[in-house]
Every structure is written in structure tokens, then in C-alpha cells.
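Participant: make a model of this:
(one chain, ligands or ions: 3)
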Amino acid sequence: VRRTSGHQWTCSDVTFHCTSQRLCEQWIHVINEQLSFHTNRPRSLLVYINPYGGKRQGRRVYEQKVAPLFHRAHISADVIVTERANHARDHLKTEAELDKYDGVVCVGGDGMFSEILHGLVTRTQADSGVDQDQPDAELVPCSLHIGIIPAGSTDCICFATVGTNDPVTSALHIIVGDSQPMDVCSVHHNNSFLRYSVSLLGYGFYGDVLSDSERNRWQGPARYDLSGVKTFLSHNYYEGTVSFLPAESNKGDPRDELKLNGKPVCLVCSQQGSTLHAQKYKNLQGQERREKANELLVIHGKFLAINAANMSCACPRSPKGLSPSAHLADGNTDLILVRKCSRLDFFRHLLRHTNKDDQFDHSFVEVHRVRRFRFQPRHHELASLEDLSEGLKKSGFSPICVTQTTCNYSTTHSSWTCDGEILPHADIQVSVHRQLIRLFARGIEEEQQQQRSVFEDLGPHLALEPSLHWTVD
Ligand SMILES: CCCCCCCCCCCCC/C=C/[C@@H](O)[C@H](CO)NC(=O)CCCCCCCCCCCCCCC
Ligand SMILES: Nc1ncnc2c1ncn2[C@@H]1O[C@H](COP(=O)(O)OP(=O)(O)OP(=O)(O)O)[C@@H](O)[C@H]1O
Ligand SMILES: [Ca+2]
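Facilitator: Numbers count the residues shown, from 1 in each chain. Ligands and ions are numbered 1, 2, ... in the order given. This is a model prediction of the structure:
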């Protein structure tokens with residue numbers, strides 16, 4: 001494997017010249033033996049292809065670019081081309097013989113990934129007797145790795161975990177058996193399970209963009225930009241209460257510049273983080289007290305957007321993403337609150353997603369790293385007040401009218417987008433489940449890491465440099 005620019009990997013050939021047939025056979029034997037020591041590599045995969053994702057190229061991408069690589073790497077693959085939406089999810093939930101495989105691969109976009117996520121997590125909980133309707137249930141991590149071959153219109157999850165959306169690069173991460181743990185958010189309404197999320201939960205601006213764009217699916221990926229401009233111009237804001245449990249004190253700050261992004265060296269995402277936490281915990285009496293009491297912080301306000309970014313959400317549209325310092329596997333999500341402000345200010349904030357400026361450095365934006373949160377829209381609060389106070393009703397005071405007349409360009413509620421799906425309820429509770437799944441990926445590498453050979457990272461068995469071969473020869 002050879003690294004090229006922009007986090008892409010390609011196949012690289014090494015030609016061995018031997019003086020005799022016997023030496024050649026020895027080499028083949030030794031190399032195969034060394035490869036067999038590397039047990040993290042998958043041997044057997046279950047592949048789901050969405051033939052209608054993105055530009056409808058999923059099948060071609062798999063057959064022409066990925067299958068030949070799996071074949072060369074002696075990986076066997078059972079391929080299912082989906083016939084309808086939720087085919088992959090339902091097959092994983094009930095039918096798939098998961099014991100036969102080392103991993104599940106999805107060929108498609110974020111929607112297809114979400115199907116695999118729901119199928120695999122739900123199956124794992126059912127097999128372990130965990131009730132996912134309980135918001136505080138401790139979910140059991142999935143044993144199979146998930147690989148993503150990008151072939152959708154939005155490949156945000158692939159982009160934010162690999163650094164590029166290139167099918168060959170993703171196939172090579174699968175082949176070498178890379179492993180990237182990832183947090184998963186569970187979303188509940190009252191005490192019933194709604195969905196899982198790994199990237200963006202967005203209420204207000206992004207919820208409205210998604211709701212509008214669903215009506216214009218025929219426009220393809222451009223629908224997001226069109227609905228984006230429309231939603232920006234409507235400038236709706238929504239009133240409600242956000243309550244959240246802040247992250248432990250060692251988890252870094254959403255505004256820190258470390259940008260470790262869940263890489264293997266990242267202390268925040270690794271087990272070593274706990275030791276670091278123990279030391280800091282001692283010195284922070286106030287923080288300690290708050291964590292012990294599991295104290296929720298409560299913010300009431302009028303918001304243009306409420307976003308929970310469980311990972312950076314970097315994508316070609318926004319190369320550093322919604323929360324550039326978010327970690328993939330730290331057990332937290334970054335909660336971004338954009339309060340009511342002028343159109344110009346909101347435009348400035350949005351624009352900063354496309355350049356190097358800090359999008360959180362505005363008086364109307366705040367960001368919190370949290371373990372769980374709840375959102376209650378205002379009309380819910382008013383509805384319960386209404387129940388309690390007959391007097392209010394008698395006086396003819398109608399909460400919804402009040403909201404509409406005092407805020408003449410506000411509707412009463414928005415919808416949540418959950419990794420691109422619209423949720424049916426606005427009042428939601430969200431909990432982060434640390435490292436619930438593992439991807440065949442390694443996070444976005446920094447420049448120095450990119451200088452090294454891919455095989456150096458795989459341990460001593462595969463550290464075969466061409467120069468070394470010549471010396472032995
Ligand atoms: C002035 C330029 C501002 C550009 C601001 C760009 C910020 C982009 C942030 C993108 C975050 C994507 C997170 C991805 C989540 C995925 O799990 C999900 C499923 O595929 N995709 C979406 O929800 C799809 C979400 C698609 C959201 C597209 C938003 C487009 C906004 C355009 C705003 C235009 C304002 C123009 C003002 C004149
Ligand atoms: N055979 C199928 N026919 C129709 N829909 C399917 C099929 N297989 C999967 N789907 C659905 O297609 C949706 C979009 O798929 P995918 O994510 O692969 O592509 P996409 O173009 O990136 O779409 P989006 O950007 O909307 O997520 C998914 O939600 C998935 O459930
Ligand atoms: Ca996280």
C-alpha cells in the first residue's frame with residue numbers, strides 16, 4: 001500500500017528478483033507465513049451494495065475497484081445487492097449468519113451506513129437480551145467491524161473517519177484490518193427508542209434543510225444547497241430548553257486546537273485517558289462534585305440551530321466540519337447552540353465552516369462537550385403548563401398563537417435530522433455510547449504519520465521494506 005496525497009492510498013507492487021526457483025519459493029512461503037500472523041486482517045466479509053445510492057454507481061464501484069483487491073488479498077465476500085430500502089438493515093437484524101464473518105461492508109452513502117449500523121447494533125442487543133427502549137440501558141458493543149465503501153451522495157462518515165471518500169482507499173483500510181472505535185448516540189422520545197446517530201443530530205437550521213430537501217430528492221446532491229439557501233432566507237428560530245450532562249473534565253474542549261480526532265495516539269479516546277482523568281479529577285473539586293452529582297446544566301433560549309456533532313462531520317462541503325475538534329471515540333458529542341441572531345451574523349457563522357476561522361467565536365454561539373442531553377421545544381412546555389393551569393385557558397391565552405405573533409418569522413417547532421433521517425418527535429433524549437462500534441479505518445492521519453510506511457503501523461510482522469529484502473537476498 002502506498003500513500004498518495006489527500007489521505008488517499010493506492011496499491012503498490014514490489015517486484016522480487018530471485019537467483020533461483022528455490023529461493024523464490026522460500027520467499028513466497030515466508031511472506032505467506034508472515035501474513036498469517038497478522039490475525040486482525042479480515043478473511044470473510046458480508047457486503048451489502050445499494051445500487052441506487054449517489055450516482056447509482058455502487059455496483060460498478062464494487063465490482064471494478066473493490067472486488068479485485070479483496071480477491072488479491074484472499075478475502076472471501078458474500079455480496080447482497082439490496083432490493084429495497086431497509087433490506088440490509090432487516091437482513092442483519094434477523095437473518096444474517098454473523099458467525100461466518102469478520103466484518104460487514106456497506107457500499108453506498110451515509111443512509112446505507114445507517115442501515116448497517118441499525119441492523120448490527122439492534123441484532124447485538126437482541127442477542128444479548130438488552131432492551132434498547134430503555135434510555136439508560138448499557139448497550140453491548142458489536143463484535144463485527146464495519147467497512148464503508150463510499151458510493152453515496154453524502155459520504156460524511158467515510159470522509160470524517162478516513163480523510164477522503166475514495167473506494168480504493170477504503171478497501172485497503174479493510175484489507176489491512178484497520179480498527180477505529182466509534183461512539184454511537186441513542187435517541188429516545190419518552191421511553192421509546194427512535195434511532196441511532198453517529199454524525200449529526202440537528203434541530204432548526206439543519207433539520208429544516210433536510211426536511212425541505214427530502215421533498216426535492218430528484219435534484220440529487222444539489223438539493224441540499226437549494227434547501228440550504230431557502231432555509232437560510234426563512235431565518236426561523238425555535239424556542240426551547242436544552243439540558244445536558246457535561247463531559248468528564250479530561251475530555252478536552254470542543255474549541256481546543258489539538259484536533260486529535262480519534263487517532264490511535266489520542267489520549268482522550270484511548271483507555272489511557274482514564275488515568276489522565278484520575279489525576280485531573282483529584283485537583284478539580286468543583287468539577288468533581290458536579291460529576292458525582294451527575295448535575296444537568298439547563299439552557300433556555302431561542303435558537304436558530306441546535307447541533308450535536310458526535311464526530312467532526314468533515315465533508316467536501318466543510319473540510320474541517322461542524323466541530324473540528326470532536327473525537328470519534330471519547331464517549332461525548334459536541335453540542336452546538338446557535339442563538340437567534342441577524343441573518344448577516346448567521347451567514348458569517350456558516351461561512352466559517354468553509355474556511356479556517358473559528359465558527360464558535362461568536363457571541364451567539366456556544367459549544368459544550370456532553371455525555372447526554374435532552375431538548376424540549378417550547379410548545380411542549382406550554383402544553384404541559386396548559387394542562388396544569390385552567391386559568392390560562394379561561395383567559396383565552398393560546399401559547400401557540402403567542403409564539404407566532406411575538407415572533408412573526410418563527411414557526412413553533414422544527415424537526416431533528418438524525419444522520420440525514422427526519423425524526424418524528426422534537427422532544428428527544430440523547431445518550432452517547434462510547435465505542436459501541438468499530439470501523440475498518442484509522443481516523444484522519446496527520447502529516448508525520450503519513451510519512452511512514454503503512455506496514456510499519458501494522459507491527460513487526462509486516463514491516464517488510466524493499467531495501468531489507470535486497471539485503472537478505
Ligand atoms: C455560506 C456557505 C455555508 C456552507 C455551510 C456548510 C456547512 C456544512 C456542514 C455539513 C455538515 C454535514 C453533516 C452530515 C451529516 C450526514 O450524516 C447526513 C447524512 O448524509 N447529511 C446531512 O444531514 C446533509 C446535510 C447537508 C447540509 C447542507 C447545508 C448546506 C447549507 C448551505 C447554506 C447556504 C447559505 C447560503 C446563504 C446565502
Ligand atoms: N435497493 C434499494 N432501493 C431503494 N432504496 C434503497 C435501496 N437500498 C438502500 N436504499 C436506501 O437508499 C437510501 C440512500 O442511500 P445511500 O445512503 O446509499 O445514498 P445517498 O445517495 O448518499 O443518499 P443520502 O445522501 O440520501 O443518504 C438509504 O437510506 C437506503 O435505506
Ligand atoms: Ca464523540
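
Participant: in the protein, what residue comes closest to ligand 3?
Facilitator: The chain approaches ligand 3 most closely through Asp183 (4.1 Å), counting by C-beta to the ion. Using the backbone N, CA and C atoms, a C-beta is placed for each residue, glycine as well.

Participant: just want the phi and psi numbers for that residue.
Facilitator: The phi and psi values for Asp183, taken as degrees, to the nearest 10, are phi -70, psi 150.

Participant: and it, what is it in contact with?
Facilitator: When contacts are counted by C-beta atoms under 8 Å, 6 or more residues apart in numbering, Asp183 touches 198, 310-311, 328-333, 432-436.

Participant: ok, Gly103 touching Val47?
Facilitator: No - look at Gly103 against Val47 with C-beta atoms under 8 Å: they stay out of range, at 9.4 Å.

Participant: buried residues in stretch 143-153?
Facilitator: Leu144, His145, Ile146, Gly147, Ile148, Ile149, Pro150, Ala151, Gly152, Ser153 (16 or more other C-beta atoms under 10 Å).

Participant: re the thing from before, which members of the contacts of Asp183 occur in strands, if any?
Facilitator: Thr333, Val432, His433, Arg434, Gln435, Leu436 (DSSP state E).

Participant: and those residues, which is closest to Asp99?
Facilitator: Set against Asp99, the nearest of the ones in strands among the contacts of Asp183 by C-beta to C-beta is Leu436 (20.0 Å).

Participant: burial measure for that closest one, as a count.
Facilitator: Neighbourhood size, Leu436 [other C-beta atoms under 10 Å]: 25.

Participant: so for it, what pLDDT did the model give?
Facilitator: In this model, Leu436 is scored at 98, pLDDT.

Participant: which non-adjacent residue is nearest it?
Facilitator: Nearest non-adjacent residue to Leu436, counting by C-beta to C-beta, 6 or more residues apart in numbering: Val184, 4.1 Å away.

Participant: flag every buried residue along whatever helix or strand that neighbour lives in.
Facilitator: Using DSSP states H and E, Val184 maps to strand 180-189. Across strand 180-189, burial judged by 16+ other C-beta under 10 Å covers Gln180, Pro181, Met182, Asp183, Val184, Cys185, Ser186, Val187, His188, His189.

Participant: of those residues, list those near ligand 1.
Facilitator: When contact is defined as C-beta under 6 Å from any ligand atom, the buried residues of strand 180-189 do not meet ligand 1 at all.

Participant: would a markdown table of these with pLDDT and distance to ligand 2 be doable?
Facilitator: Compiled in a markdown table, the buried residues of strand 180-189 are given as follows (pLDDT from 0 to 100; distance: C-beta to the nearest ligand atom, whole Å):
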| residue | pLDDT | distance to ligand 2 |
| --- | --- | --- |
| Gln180 | 97 | 20 |
| Pro181 | 97 | 23 |
| Met182 | 97 | 17 |
| Asp183 | 97 | 20 |
| Val184 | 98 | 17 |
| Cys185 | 98 | 18 |
| Ser186 | 98 | 19 |
| Val187 | 98 | 17 |
| His188 | 98 | 21 |
| His189 | 97 | 21 |
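
Participant: tell me the one of those nearest Thr4?
Facilitator: Nearest to Thr4 among the buried residues of strand 180-189, with distances taken as C-beta to C-beta, is Gln180, at 20.4 Å.

Participant: hmm, stretch 54-61 touching ligand 1?
Facilitator: No - applying C-beta under 6 Å from any ligand atom, one finds stretch 54-61 out of contact with ligand 1, separated by at least 10.6 Å.

Participant: quick one: distance of that stretch to the chain centre.
Facilitator: 22 Å (C-alpha atoms, centre = their mean, to the nearest Å).

Participant: cool, stretch 336-347 as well?
Facilitator: Its chain's average C-alpha position is 25 Å from that of stretch 336-347, according to C-alpha atoms, centre = their mean.

Participant: touching, Phe159 and Pro316? I think so.
Facilitator: Yes - using C-beta under 8 Å, Phe159 makes contact with Pro316 at a distance of 7.0 Å.

Participant: need the overlap of contacts for these two.
Facilitator: By C-beta under 8 Å, 6+ apart, Phe159 and Pro316 have these common neighbours: Asn165.

Participant: can you report how many residues neighbour the closest residue to Ser128 other than its chain neighbours?
Facilitator: Take Ser128 and drop its neighbours on the chain: the residue closest to it by C-beta to C-beta, 6+ apart is Val140, 4.3 Å away. A count of neighbours around Val140, defined by other C-beta under 10 Å, yields 15.

Participant: correct me if wrong, but Val140 is in a helix.
Facilitator: No - per DSSP: H, G, I helix; E, B strand; the rest coil, Val140 lies outside any helix segment and is coil.

Participant: where does it land on pLDDT?
Facilitator: For Val140, the pLDDT comes out at 98.

Participant: also Thr15?
Facilitator: pLDDT, read off for Thr15, is 88.

Participant: ditto for Leu464
Facilitator: Listed pLDDT for Leu464 reads 45.

Participant: which ones are touching whatever residue of the stretch 1-150 of the chain ends up closest to ligand 1?
Facilitator: Ligand 1 sits closest to Asp110 of the stretch 1-150 of the chain, with a gap of 3.3 Å, by C-beta to the nearest ligand atom. Asp110 sits next to Gly152, Thr154, Asp155, Cys156, Ile157, Ser199, Asp419, Gly420 when contact means C-beta under 8 Å, 6+ apart.

Participant: from those, which one has the minimum pLDDT?
Facilitator: Out of these, that is Thr154, at 82.

Participant: can you get me a residue count around it?
Facilitator: 22.

Participant: Glu421 - nearest residue in space that isn't next to it in sequence?
Facilitator: Leaving out its chain neighbours, the residue that sits closest to Glu421 by C-beta to C-beta, 6+ apart is Arg195, at 6.5 Å.

Participant: what do you get for Asn216?
Facilitator: Arg223 (4.3 Å).

Participant: now do the one you found against Arg217, distance only.
Facilitator: 7 Å (C-beta to C-beta, to the nearest Å).

Participant: now for those two: what residues contact both?
Facilitator: Common neighbours of Arg223 and Arg217 (C-beta under 8 Å, 6+ apart) do not exist.
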